[in-house]
Every structure is written in structure tokens, then in C-alpha cells.
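Peer 1: Below is the sequence, then the predicted model.
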Amino acid sequence: MTQINIKNLTFGYDGSSYKLFDNITMTLDSDWKLALAGRNGRGKTTFLRLLRGELPYEGTITGVPSASLFPNDGDTLAPDWRVRKELNLMQADPDIMYRPFDTLSGGERTKLMLARLFSEDGIYPMIDEPTNHLDRVGREAVAKYLASKDGFILISHDRNFLDLCTDHTLMITKTGFELTSTVFSTWWENNETRMESERAKNDQLKKEMSAIDEAMKKNARWSSKAESYKNRGKAPGKVAEDHFRRAYEAEKARKLMSAAKNLERRNERKLEEKQSLLKDLERSEKLKITGTEHHSKTPIIFKDLTLMRGSNVVISGFDLEACRGEKISFQGPNGCGKSTLLKFILGQGVEEGVDFFGDIYFAQGLKISYVSQETSWLSGTLLDIAMLRGADKTQFSTILIKMGFDPEMLKRDASTLSLGQKKCVMIALSLCEQADLYIWDEPLNYIDIYMRKEIERLVRDSDITLLFVEHDKAFCEAVADREIVL
Ligand SMILES: Nc1ncnc2c1ncn2[C@@H]1O[C@H](COP(=O)(O)OP(=O)(O)OP(=O)(O)O)[C@@H](O)[C@H]1O
Ligand SMILES: [Mg+2]
């Protein structure tokens, strides 16, 4: 058991006006299977970099074992048999380790990188979002594999996955870190209960404060009456009577004043209490998407379609009739040709290196908006990117700010964004486009749970036509009218 001691850690990126971490003190244990979670841009990846000493910070971090990071370039000093053994444990084909890395599918790469990470002895694995390219079966196999290991940090937005393979949860909330010795879902449920009771307390305080407010107003009215009586000019012949009356009013004014002070103090206390509530409540603002009203009722029809890459058959005997307003989910294991099919549709029958046989029909003048699986093409500032894509700058900025971006980020280079923020940028671009057909290839990779839920609501409530590939089961079930298994 090794303790990682973090004392008064403070960190903010150069040129950024806010601190990501402010005076954090905590102790972690490197034997834990530790889940590190939190919304996009909260600093999860940055936290790993700080633990590894890659960035300068204030405070101290001690006791971090020699660590190894995922994703990596796949190199290891461990003998081949060790890597083979780990691959076997992950139910992956051990021969993938002899193939050139860039010919492997996303899922295969993930498994190989993990196998290499765990074949070295005495290192502390830090795993940053391994699930994105894994299909459902792959996710389960990798979760089981990790559950059999001890001592690692794992970042993921997939709560199912985290529950299967971790025993402690470190959550980066709006106000700092929360550490629990439970799985993620338990943290989540406890947090929901806490927010629920804070909400109820908040409502009650609001009521009490408005009652105090009412009392204060009444008090003010009486005070000003008493005051005006006190200051009234003397009526001749009424001096004695006035003397008593004024003394009485003065006493009354004094009492009212003290009551007012009392009320004010009570109000301040309530306000203080109220301000301490709901600080960690995560909000997500409503997004909008507006497709066009294309005249064609069936934008795409394929009959007995075969797609070939060179002499390899990628897809064969494929039929599709997509109707306007339909949301169609394409499912299938890693490498079954989902992305190829989406790109073929995007090119309306033309995709580099792909030949086809069969009947294809695309409605005339079909305008398509595309979210690619890859984010690596994003470069330049966000405003430059918007301009290049022909997106309305104001609309684009508004969407990003609703997604939680800081206005200063719009002028920053896209390469400095977190992984989830990059994916948000791509979705925002698509939301700016009025299209007949939307094609989204794994739109939710790297996206946090709150944003996932908002995108789910957005798609469900809209009448756009959407073809998509996504491994998030809950999302597919909530939005897809139809699932096509390839
Ligand atoms: N080089 C940089 N310069 C300025 N800001 C940066 C830089 N790198 C990251 N940031 C910002 O710091 C914040 C934290 O980034 P980080 O990558 O740690 O987030 P994350 O929690 O890993 O998010 P995600 O879930 O999207 O991966 C983000 O707002 C990001 O835009
Ligand atoms: Mg990250």
C-alpha cells in the first residue's frame, strides 16, 4: 500500500483566468481501483499530468509510484509472452501484437495498449478514457479484465464500465474533489439524494425569506408612520396631549427599529444558508436543432448494396430505406464497416478507395451535416473553425457557451481543448447546420453524462433525419426508431 499525499495543490493553465484546482488536500492509495470522474473540462486529464509531474503547480504531491499512461504509443520493455497473456485475459487475439499498429481497429489498439500497460511490473497504470472505441462486447471484456487487476486510476464517462471495475471514486465537482470508497453509481445516487434535499431546503428557505421580507416591509410602513407623527408640526392647544403621544410613538419607533434589525439579521442568516446550498448542482442548458423540410419522403434507398475496399468485402447484401424524420442506429462489432458505410452515404455514393455494387438512390439536392468519429482535424481557434465551416459565429458561440464553454475559450487554439470539449465543438458545428440529413459517427465519445442526456433529449424531441453509430446503449434505446445490425 502506497499513499499518494496531495497538499494544498493549486493549478491553473497559463493565460487562463480561472484556477482548475484551488488548494486541494487529500490522500489517495495506489492500491485502489480508483475511478476519476467529472464533467468535460473539469481537469481529469490535467490531474493525471500533475500526478506525473508534467506540469508546474503550487503545493506538494508525494508518493506517486512510477506511472504509465494510457493511451500510449504501444511500446513496452516487457517480454512478448507477457503481452500475449494479457491479451488472452482480455479475450483479444494475441496475434494483433505482431501487426503494424496503424492497421489495427480502434478497439484492437485499445486492447493492445492496455495489455502492454499491464505487462510491466511495478508500474502504476493511469488510464484515460479507454472505452470510446470499444463495442459492447469489448467493453465488457475490458471491464472484467480491469476488475481482476489491482491499483490503477481510470477515467471514464461510462458509469456501467466504472461500476464493473473500480472500488473507489474520485469525483471532480464544481467546487473541488469528492472522494468515496464506493463505485460511481453509488456516488451518483447519494449525490442525487443530496441535491434533492438541498433543493427542498432551498425552496423552504425561499419561502421563509419571502415571509421575512413581507414582515420587513410592514415594519417599514409602520416605522415611517411613527416617524411622520413624531416630526409633525405642533397643533396649538394640543401640546400636552402631543407630548405623551410623541413619547409613545418614539418608543414604538425604537421597538420597530430593533425588530427591523432582528429581521435583517435573520434574513442574512437564511441567505447565508441558502448560498451554501446547491453549489455542486450541475446544470445543462437546452440545445436546439432545426433540420430542413426536404421534399423527399425517403432521402435514401439502397438495395442489395455491396461495399468493397480493394478486394475486401466490407458490407454485402445491404438494404436500407431511410424515411424523413427517422433516427436510425447502426450497430455492429468493431471493424464491421459502420464508419465506411456512413462515409459512403456522406459522399452520396463516392468514397475514396471504396467500390460498390447494387442499387443506390439519394434524393436530389440532399444537404448532409456530418460529425466524424475523429477530432484530430480540428485546428486553429474555434472562431476560425466556425468560419471555415460556414457556421454562424453568434449561433456557434451561443451553443458552446450553453455547453459550458468559457467565452475566453472561443479565441483559444482547438488543440488545447479537452477531448470532450473537442467533440462538443463538432456537435455544435452540426447543430448550426440546417440539413436534410444528419450523419453522426460516435457523437458521444468523450462527452460527459450530463451533456449526453441533453443531446439525447435534443434528438428525441426534434424531427431531423439522423443516421448514427453509437456504443452508448442508453442513448440508442432512447432515440433510435430503428436499429440496423451490420
Ligand atoms: N494548454 C492549455 N491551455 C489552456 N487551457 C487548457 C490547456 N489544456 C487544457 N486546458 C483547459 O483546462 C481544462 C481541463 O482540461 P482537461 O483536459 O484536464 O479536462 P478533462 O476533465 O480531462 O475533460 P474531458 O472529460 O473532456 O477529457 C479545460 O477547460 C481545457 O480546455
Ligand atoms: Mg480528459
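Peer 2: Received, thanks. Numbering: from 1, shown residues only. Ligands and ions are numbered 1, 2, ... in the order given.

Peer 1: Around ligand 1, pick out the residues from this structure.
Peer 2: Neighbours of ligand 1 within the chain, by C-beta under 6 Å from any ligand atom: 13, 16, 20, 38, 40-46, 416-421, 446, 448. Bear in mind the C-beta positions are built from the backbone N, C-alpha and C, glycine included.

Peer 1: Give the pairing partners of the helix or strand hosting residue 307; include direction for each.
Peer 2: Element membership for residue 307 (DSSP states H and E) is strand 300-309. The strands beside strand 300-309 in its sheet (DSSP bridges) come out as strand 312-322 (antiparallel), strand 354-362 (antiparallel).

Peer 1: those strands in the stretch 101-250 of the chain, which residues are they?
Peer 2: Remark: strands assigned in the stretch 101-250 of the chain by DSSP state E, counting those that start in this stretch are 124-128, 152-155, 168-172, 177-180.

Peer 1: Now do the contacts for residue 404.
Peer 2: If a contact means C-beta atoms under 8 Å, 6 or more residues apart in numbering, then residue 404 has 39, 40, 41, 284, 451 as its contacts.

Peer 1: For the second one, the count of nearby residues, please.
Peer 2: Residue 40: 23 surrounding residues under other C-beta atoms under 10 Å.

Peer 1: So what's the gap between the host helix or strand of residue 83 and the chain middle?
Peer 2: Here residue 83 sits within helix 80-89, counting by DSSP H and E. Mean C-alpha position of helix 80-89 versus that of the full chain (C-alpha atoms, centre = their mean, to the nearest Å) differs by 34 Å.

Peer 1: Give the other helices and strands that it contacts.
Peer 2: Contacts defined by 3 or more C-beta pairs under 8 Å, 6 or more residues apart in numbering; DSSP states H and E place helix 80-89 against helix 106-118.

Peer 1: who's in contact with the helix it packs on?
Peer 2: By C-beta under 8 Å, 6+ apart, helix 106-118 touches 68, 70-72, 74-76, 78, 83, 86-87, 90, 92, 96-97, 101, 104, 123, 125, 127, 130, 132-135, 138, 142, 145-146, 149, 334-335.

Peer 1: Centre of the chain to that helix, how far?
Peer 2: With C-alpha atoms, centre = their mean, you get 24 Å for helix 106-118.

Peer 1: Going forward, the N-terminal residue is numbered 376.
Peer 2: All right, first residue 376 from here; so that's helix 481-493.

Peer 1: Let's see it as CSV, backbone CA atoms only.
Peer 2: C-alpha atoms of helix 481-493 as CSV (Å, rounded to 0.1, in the frame of the first residue of the first chain):
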residue,chain,number,x,y,z
GLY,A,481,-9.7,1.4,-32.6
GLY,A,482,-10.9,-1.5,-30.4
GLU,A,483,-7.8,-3.6,-31.1
ARG,A,484,-5.5,-0.7,-30.4
THR,A,485,-7.1,-0.1,-27.1
LYS,A,486,-6.7,-3.7,-26.0
LEU,A,487,-3.1,-3.8,-27.1
MET,A,488,-2.2,-0.6,-25.4
LEU,A,489,-3.8,-1.9,-22.2
ALA,A,490,-2.1,-5.3,-22.5
ARG,A,491,1.3,-3.5,-22.8
LEU,A,492,0.5,-1.2,-19.8
PHE,A,493,-0.2,-4.2,-17.5
